[in-house]
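> structural data only, the sequence is not supplied:
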């Protein structure tokens, strides 16, 4: 009887270790072995120099940090590609003197996700996020750095959740 208990525990451990499905606190349930992130060209009406490279790098780093998948230049099990389609600064709130009190930077990215193992998971959609900053501040230096950091963090996490997590 004692040996049956150990055999049962051993079988459960072997079953759990043998499963390809992985669970994590990020919500990612299936991790591909390899992934590819193609360069995201900046096709927005207003082009911010370097944003294309910053976004592409941010998406690669996030996937590397939150999955066990390996980054490859070609032949990835899952492929991310697309373009930056929106970069817009607009006034958001007004003061009593009809002047802008706040501005909003919005960045939108069209993403094509290709899963070479399961075509039903493929999608193409636009992800967008914004950052509000005081109207008397210029979108340069630390304001710009903070805005980009916050927007890119949210955009890349939303893309990862839509592609690899059951959210």
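Yes, it's here. The structure presented is a predicted model; accordingly, all values stated were derived computationally and were not measured.
> for this protein, give me the ranges with low pLDDT.
When residues are selected by pLDDT under 70, those of the chain lie in 1-29, 95-96, 166-167.
> now do the longest helix along the chain: distance to the chain's middle.
Among the segments of the chain that qualify as a helix by DSSP state H, the longest is helix 141-164. Counting by C-alpha atoms, centre = their mean, to the nearest Å, helix 141-164 is centred 7 Å from the centre of its parent chain.
> in it, what's buried?
By 16 or more other C-beta atoms under 10 Å, the buried positions in helix 141-164 come out as 143-144, 147-148, 151-152, 154-160, 163-164. Using the backbone N, CA and C atoms, a C-beta is placed for each residue, glycine as well.
> what does that helix contact?
Helix 141-164 has contacts (C-beta atoms under 8 Å, 6 or more residues apart in numbering) with 26-32, 51, 54-55, 58-59, 62-63, 66-67, 78, 80, 105, 107, 109, 111, 113, 115, 121, 123, 125, 127-131, 133, 137, 139, 167.
> any chance you could map the helices in the protein?
2-18, 51-66, 141-164.
> for the shortest one, packing partners?
The reference is to helix 51-66. Counting contacts by 3 or more C-beta pairs under 8 Å, 6 or more residues apart in numbering; DSSP states H and E, helix 51-66 packs against strand 34-37, strand 41-42, strand 70-71, strand 78-94, helix 141-164.
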